[in-house]
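S.K.: need a structure here:
(chains A, B and C)
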Amino acid sequence: MDNLGVFLQIIFWGLYAGCIYILLATGLNLIFGVMKIVNFAHGEFLMIGAYITATIFFISGINPYLIILLSMLALIGIGAVVERFCFRPILGTGKLNEIFLSIGLIYIFQNGAAIIWTDEWQSVKSPYDGISLPFGSLSIPLDYILIMFFTAAIICGLYLFLKKTTIGMQMRATSQNRKGAMLVGIDVERIDVISFGLGCALAAAAGTLWIVSGQIFNPYMGSIPAIKAFAIIILGGLGSIPGAIIGGLLMGLAENGAAFLLGGIWKDAISFVILIIVLVVRPTGLFGEKGD
Amino acid sequence: MKYSVLFIASILFVAVFIAGCTQQPATQQPSTTQGVIKVGVIASLTGPASNVGTNMWQSAQVAADKINAEGGVTLKDGSKAQVKLIVGDDESTQQGGQKAATKLITDDKVDILVGGYSSAVTSSYQQTIAEYKIPYIVTGASSPIITHRTDIDTSYIFHHCPTTDTYGQYTTMFIDQVVRPAVNKKLGAPADRPFRLAMLYQDTAFGKGVQSAVNNTITTSKLNIQLVSQQSYRMGESDFRTPLTAIKAANPDAVYLAAFPNEGAPIITQARRDIGLNTIFLNVENNDNAQFYKDLGQYGEGAVIESRFSPYTAPAGAVAAAQNAFKQSYLTRFGTFPDMMGASTYEGIFIAARATQNAGTTDKAAVRQALVALEMPQVIEAMKGQTCSFSPDFRESTFDLWMEQLSYNATIGETRPVIVWPDNLKTTDFVLPSWYVAGSSS
Amino acid sequence: MHFKRDDMVKYGTVLAIVIALAIPFLTDSMFILNLLVIMLIFIIFASAWNLLAFSGQGSLGHAAFFGIGAYASTLIAANSGMSPFITIFLGAAVAAFVGILIGLTCVRLKEWFLAMVTFGFAIIVQTLTVSVLAPVTGGWDGIASSRLLSPSIPGYQLIEYYAVLVITIASIAAIWYIMKTRIGLAFLAIRENELEARAAGIDPVRFRLLAFALSAYLAGVAGALQIHHIGYLTPELYGVDNSFWPVTYVILGGLGTLAGPIVGTIALTIIWEGLKATGLTFGRYVIVGVMLILAIIFLPRGLVSLPEQVKDWLKRRKRKEPVREPADN
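M.R.: Next comes the predicted model:
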């Protein structure tokens, strides 16, 4: 296989894998932008979204791509509950509390999922499994294309929502200046709930697309992607969407490069090495923080 | 501050109180002369290894029930003793393992121990085993170090589970004796063409153990196999395209995977579907479970698994019948199927019972002697010489492992295995699939 | 009033120590003794983490120091033949050194960046241990570690328990002493308000590094003790589990207090073993998670503040006053 073909292939897989991180990172940025809180348990929402999709699929056999919406809706609900009962009471008491709360949430969600669904590895078969589209010298599975399409659609939908709807504008206002938003009469608590819910919905979408591409999953699947998403948004600059996308791509390249040159065991560690180097040089991230 | 200190004091007091209370039942436990053999089962009921651990514990229960239903164990004085199982959850951690072992040995005062999965966890309480001189039949750990350690006395530890040395050696011999000639024939190449083998292994004690076993087998047996690429990945990885690309660039004739099923299935799928690496994939026995076949789908075609207990096949004859009986009992009781760590644990209970019977007593030293001298007909898995016995040097038992090849069944939508090696167990021959591409043309 | 309070603290501490000394005679269960040894080790570990949290730095990767202390102590003992009782303190020094290095990268970071970085360091240290340093550390296979006391000594478990108890008391006393000095005050000042601390002439960077060094040292002592108690060392020691447990113990017990880690570790150990006895598996973790969240929301100063909260609540009921907001919200 010619080098260009290989190169293109690698870029393509990077794009496809990046979709999951883009959805996660955008969700995190959304929550952080509005509420300025950190939820290390964000990956658990990805996992729950995946399991909800899988369960509905196993029961009904509906095309998993269509189940995404249901899963997202379910997670808006779950996210709202978590925000209202866990994060709102401690809002303002310091970042350390949020971190510790997240640890509690991780214990609950991961093991709760293990109780409900057992911790065996499971998989979902996409209806398009085995169908590949030729693309020059490559043969790309249809699922990967659909994943990129859905990611783009969701991100665009989110963009339109933020720019064009009232709630979207209120969210942007709150993230830019919370006090000012309160002064002009925006119900910031309601905006908090909605933002958190939306962030979780994005995580659910990420989880659904993850399993639909044939990846196998278990209750512990969410922690690693979440940590990487965090590293990405720190690298790219909190609250910055283009930063998250660039950070994600950089991370993907670095990880695979390190795995290739140093051995697979370095794949996780290298993300942190990069993160640490960047933070030592620029303690506020590559593109700095917006609206903190 | 003052209240908190009193608080500490009262909590310590409560701790002592609970300690006192939980002490009572242990000291009142009847000793085994009252007709009970206490077998401690150490299994990971929580933590990352919990699905294997649950399998092991549940299989042990099926075994104990069967033994007791058939009359139990006959002791020297003619009395019959029932097998009583007590489980200890090692929580898949070192502290948990040590707590579980100590509790079983000193509190529950078990006569013999069976179980153990993670080698790291098992190593944390081997000292306690040596100290209390209690026989321990390890049925789930794959590291040879457990009985090869020289810093402590391992004479009470018996290893009834193939080790990474065994997996690596068997699979490499199979490659040399079956796959290599098949590839040479397909290419029309001379018989001295070196076989191009690649490895993709998990960067853990398990994966590295297999990798070094393969390297050692090639060197010591002077096999005509070249390791053209050896790539590793961290445990739990889900995206293998980079190491697979490196492997593909080395043009292998086959790839040996030292992976767990949740990694092996994506590896093979990504290799064949995304990278276009159309070759033979060889897998370790722990992949032989229903989920693996489901996850692989059509991409498992042609793959090979080294195994001793499969959900879908068994060596024809007595072994098949025994394995089916076990699977049915397990299914009836627990609603799912057992895996191979469960199978070896099932046998471990039978071994414990038989050794106690041979010794005629539950005295630990006597039972240990009986284990050393054990010659017991195989239970449900094929053993070398159809006998369960332990090697004199490191007290390891020798399984009659087989290699099975997968072929796609379009009706089910999954692949199914058939045994292709060794000759005394096989039902058909190994074949290279039509889409197979060798590493080089000469 | 002040005088009486000090007396109560003194008597209370003595009482606690007396009970701890007496426990082995109240039970002859080796299992309980072993459990207590592990619990004491984790009291040291939790207190070490708490010390770092005093200075406002919440680490999610303390297992790194736990493990480095264990590895350093084991290797020193193996190569020099010194008794583990000495190498523990040498190994901990190595952990402290690494703590300063890690601290250097963290001192200017905000809380949750620091949390992520420390988390990452635990992973990096583990990766180094199994790759580059494998020839020395035994890689994934691990290495045997010399035991604190040879099993051939009669009653060695009892002696081990007392030895660990002495080290635990010494560690707590050391932390108590540190917090009383200027250093302790500096930690609190930095945590409360960095700008004001700086204005008062306290250099946050210096004291943050010092906190890292001290905390890493004690965590290293705990790790070394654990491994010499068990007798075998593997890289799983750096796992996320070992990083999260001290955090859980301290939050439940009471963050930022001396007694908090102690109370939290004891309470949670009892609860954990009790839950295990009921047969719950995953449910154990769910319950712990729920407890953690309830503690953070409703009992932010931990179990140690429970008597005070109850007292306040009773007082309010007696006076029939309208319910006031708790002062620390």
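S.K.: which residues are contacting stretch C:143-162?
M.R.: If you take CB atoms under 8 Å, 6 or more residues apart in numbering or on different chains as the criterion, stretch C:143-162 is touched by B:127, B:131, B:149, B:151-152, C:21, C:24, C:30, C:33-34, C:36-37, C:40, C:70, C:73-75, C:77-78, C:84-85, C:137, C:163-164, C:225, C:227-233. Where C-beta positions appear, they are placed from N, C-alpha and C, glycine not excepted.
S.K.: Just the buried subset of the residues you listed, please.
M.R.: Among the contacts of stretch C:143-162, those that count as buried by neighbour count (16 or more other CB atoms under 10 Å in any protein chain shown) are B:127, B:131, B:149, B:152, C:24, C:30, C:33-34, C:36-37, C:40, C:70, C:73-75, C:77, C:84, C:137, C:163-164, C:225, C:227-233.
S.K.: Tell me how far the helix or strand that contains A:Ile103 lies from the chain's centre.
M.R.: Using DSSP states H and E, A:Ile103 maps to helix A:95-117. How far helix A:95-117 lies from its chain's middle: 17 Å, per CA atoms, centre = their mean, to the nearest Å.
S.K.: which secondary structure elements does it contact?
M.R.: Helix A:95-117 sits against helix A:42-60, helix C:111-130, helix C:240-253, helix C:282-298, with contacts defined as 3 or more CB pairs under 8 Å, 6 or more residues apart in numbering or on different chains; DSSP states H and E.
S.K.: if you set the cut-off to 10 Å instead, what comes out?
M.R.: Helix A:95-117 is packed against helix A:42-60, helix A:64-82, helix A:223-236, helix C:111-130, helix C:240-253, helix C:282-298, with contacts defined by 3 or more CB pairs under 10 Å, 6 or more residues apart in numbering or on different chains; DSSP states H and E.
S.K.: got the residues of the stretch 151-292 of chain A near chain C?
M.R.: By the rule CB under 10 Å from any CB of the partner chain, the part of the stretch 151-292 of chain A lying against chain C is A:219, A:223, A:227, A:230-231, A:234, A:238, A:262-263, A:265-277, A:279-280, A:283-285, A:289, A:292.
S.K.: which among these end up buried?
M.R.: Buried among these by 16+ other CB under 10 Å: A:219, A:223, A:227, A:230-231, A:234, A:238, A:263, A:265-276, A:279, A:284-285.
S.K.: Pull up the per-residue confidence for the residue lying closest to C:Ala211 once chain neighbours are set aside.
M.R.: With CB to CB, 6 or more residues apart in numbering or on different chains as the measure, C:Ser55 is the residue that lies nearest to C:Ala211, at 3.9 Å, once sequence neighbours are left out. If you check C:Ser55, the pLDDT there is 87.
S.K.: Check whether C:Ser55 really touches C:Val205, as I assumed.
M.R.: No: using CB atoms under 10 Å as the test, C:Ser55 is too far from C:Val205 to be in contact (11.1 Å).
S.K.: any shared contact partners between these two?
M.R.: The contact sets of C:Ser55 and C:Val205 overlap at C:Ile190 (CB atoms under 10 Å, 6 or more residues apart in numbering or on different chains).
S.K.: The two - which one has more neighbours?
M.R.: When C:Ser55 and C:Val205 are compared for neighbours, C:Ser55 comes out ahead with 24 against 13, by other CB atoms under 10 Å in any protein chain shown.
S.K.: For the closest residue to chain C within the stretch 301-442 of chain B, which non-adjacent residue is closest in space?
M.R.: Nearest residue of the stretch 301-442 of chain B to chain C: B:Phe334, at 14.8 Å (CB to the nearest CB). Residue nearest to B:Phe334 in three dimensions, not counting chain neighbours: B:Gln58, with 5.2 Å by CB to CB, 6+ apart.
S.K.: What helix or strand is the one you found located in?
M.R.: Short version, using DSSP H and E: B:Gln58 is in helix B:50-69.
S.K.: what comes up buried for that helix?
M.R.: B:50-64, B:66-68.
S.K.: ditto for stretch B:155-164
M.R.: Buried, per 16+ other CB under 10 Å, within stretch B:155-164: B:Tyr156, B:Ile157, B:Phe158, B:His159, B:His160, B:Cys161, B:Pro162, B:Thr163, B:Thr164.
S.K.: what distance separates the start and the end of it?
M.R.: 21 Å (CA to CA, to the nearest Å).
S.K.: Just checking that stretch against chain A, any contact.
M.R.: No: figure legend: stretch B:155-164 not in contact with chain A (CB under 10 Å from any CB); closest approach 17.5 Å.
S.K.: Please enumerate the strands of chain C.
M.R.: C:143-144, C:232-233 (DSSP state E).
S.K.: residues near C:Tyr238, how many?
M.R.: Neighbour number of C:Tyr238 under other CB under 10 Å is 29.
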